[in-house]
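Novice: Attaching a predicted model along with its sequence, questions to come.
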Amino acid sequence: MKTTLTTAAAIFSLAFGTAALADATSTTVQRDANQQERIEQGLKSGELNTKEAGKLEREETKVEHDQAKALQDGKVTAAEHAKLAAEQNKVSQDIHDQKHDAQVGNPNSASSQRMQADVQRNVNQQERIEQGVKSGALTNHEAGALEKGQAHDTRVESRAAANGHVGAAEQKHIQTAENRQSKHVFNKKHNARTE
């Protein structure tokens, strides 16, 4: 009887621990999607110009890079989770500050339209990663690898927008990277890995 209770407690602990890890990963990825949506909304409303959005994408790159690093071993420790939350809080505050400063953008300009489309792809990718973590289709290790890809894409976007203008050739380069990342998300969600 004692062995059965011990075994049951171990299974419960393992299941709860795995769920807690997935929840921590899902939460941090969902925050990325939320931040990206706020950047896109700022571009659409004119509260953000392309250069400001590029600076915010650079900050998102750091968060995604740190997520990838934290998930490299398949888990997010309490200290790593706290560090990521602090970084995301800073990005959140910077989004607010940039949206409420005196600078404005032209949401109808070709450059802003390109940046809006690129940021919307980021939202979509982050939501697909989060859904994969929640459903169990993605392991934390796989989510980390995908966050590394997201960091690459946002770095490319931030560089393109650094001068305040995203040209057609720059967007084509960004879209190539985003298409590659989309395939990676699909492949990792549909492989046989569960750990």
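Specialist: It's in. Numbers count the residues shown, from 1 in each chain.

Novice: Excluding covalently adjacent residues, which one is nearest to the residue sitting nearest the centre point of the chain?
Specialist: Centroid check for the chain by C-alpha atoms, centre = their mean gives D32 as the closest residue, at 4.0 Å. Using C-beta to C-beta, 6 or more residues apart in numbering and skipping residues adjacent in sequence, the residue nearest D32 is Q126, 4.6 Å away. C-betas here are computed from N, CA, C, even on glycine.

Novice: Give me the buried positions along the strand or helix carrying the one you found.
Specialist: Taking DSSP states H and E as the definition, Q126 sits inside helix 110-135. Buried residues in helix 110-135, counted by 16 or more other C-beta atoms under 10 Å: 111-123, 125-133.

Novice: Could you pull up the mean pLDDT of that helix?
Specialist: Averaged over helix 110-135, pLDDT sits at 96.

Novice: following it, which helix or strand comes up?
Specialist: Downstream of helix 110-135, the first helix or strand assigned by DSSP H and E is helix 140-161.

Novice: and that following helix, how far from the chain's centre?
Specialist: With C-alpha atoms, centre = their mean, to the nearest Å as the basis, helix 140-161 stands 7 Å off its chain's centre.

Novice: Contact partners for the residue nearest to the centre of the chain?
Specialist: Counting by C-beta atoms under 8 Å, 6 or more residues apart in numbering, D32 touches 60, 63-64, 67, 88, 122, 126, 150.

Novice: where's it relative to D101, distance?
Specialist: In this view, D32 and D101 are 23 Å apart by C-beta to C-beta, to the nearest Å.

Novice: before we move on, back to that, assess the claim that the residue nearest to D32 and Q150 are in contact.
Specialist: Yes. Using C-beta atoms under 8 Å, Q126 is in contact with Q150, at 6.8 Å.

Novice: Helices of the protein, start to end?
Specialist: 2-45, 50-71, 78-99, 110-135, 140-161, 168-189 (DSSP state H).

Novice: what's the closest of these to E195?
Specialist: helix 140-161 (8.1 Å; C-beta to C-beta).

Novice: Run through this protein and note the low-pLDDT ranges.
Specialist: Counting by pLDDT under 70, the ranges of the chain that qualify are 1-22.

Novice: Now do the phi/psi pair for N49.
Specialist: When quoted as degrees, to the nearest 10, the phi and psi of N49 stand at phi -100, psi 170.

Novice: you'd agree it is up against P107?
Specialist: No. Using C-beta under 8 Å, N49 makes no contact with P107, being 9.5 Å away.

Novice: When these two are compared, which one has more neighbours?
Specialist: N49 (23 against 17; other C-beta atoms under 10 Å).
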